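# How does the following fold in three dimensions:
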Amino acid sequence: MAKATWNGAVLAESDDTVIVEGNHYFPAATVDRAFLRDVDTTTICPWKGTASYYDVVVDGEVNPGAAWYYPTPKEAAAEIQDRVAFWKGVTVDVADSGESSEMSVAAEG
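This is a model prediction of the structure:
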């Protein structure tokens, strides 16, 4: 089970993440959109396509651009369609078979 948290809030939790370049992509349906705010920021990845971003907002504090997704990923990245990933200090805690490992996501994928 993977869980993304920031400022004490659970942003997403799922046992069905896709890991690409070390980043967990959570199914969009498992992400608590109450903590996300749309922004106009985009970046381009040569093999995944154009990424769109969200600010993460918890208790009035903003983590700008800390979540991203690919609205229409390229064919090579089709597995991340309808999924959201996190970075910029968002902690992704992964528990597998009762064991837990924590990683702070530091790079955009």
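# SS state for Val84?
The three-state label for Val84, taken from DSSP: H, G, I helix; E, B strand; the rest coil, comes out as strand.
# Looks like it contacts Ala67 (just checking).
Yes: judged on C-beta atoms under 8 Å, Val84 makes contact with Ala67 at a distance of 5.5 Å. All C-beta spots, glycine's among them, are computed from the backbone N, C-alpha and C.
# Quick check: neighbours shared by the two?
31, 36, 54 (C-beta atoms under 8 Å, 6 or more residues apart in numbering).
# Point out where the protein drops to low pLDDT.
96-109 (pLDDT under 70).
# Please report how far the residue most central in space within it lies from Val56.
Centroid-nearest residue in the chain: Ala85, 1.6 Å away (criterion: C-alpha atoms, centre = their mean). Ala85 sits 12 Å away from Val56, taking C-beta to C-beta, to the nearest Å as the criterion.
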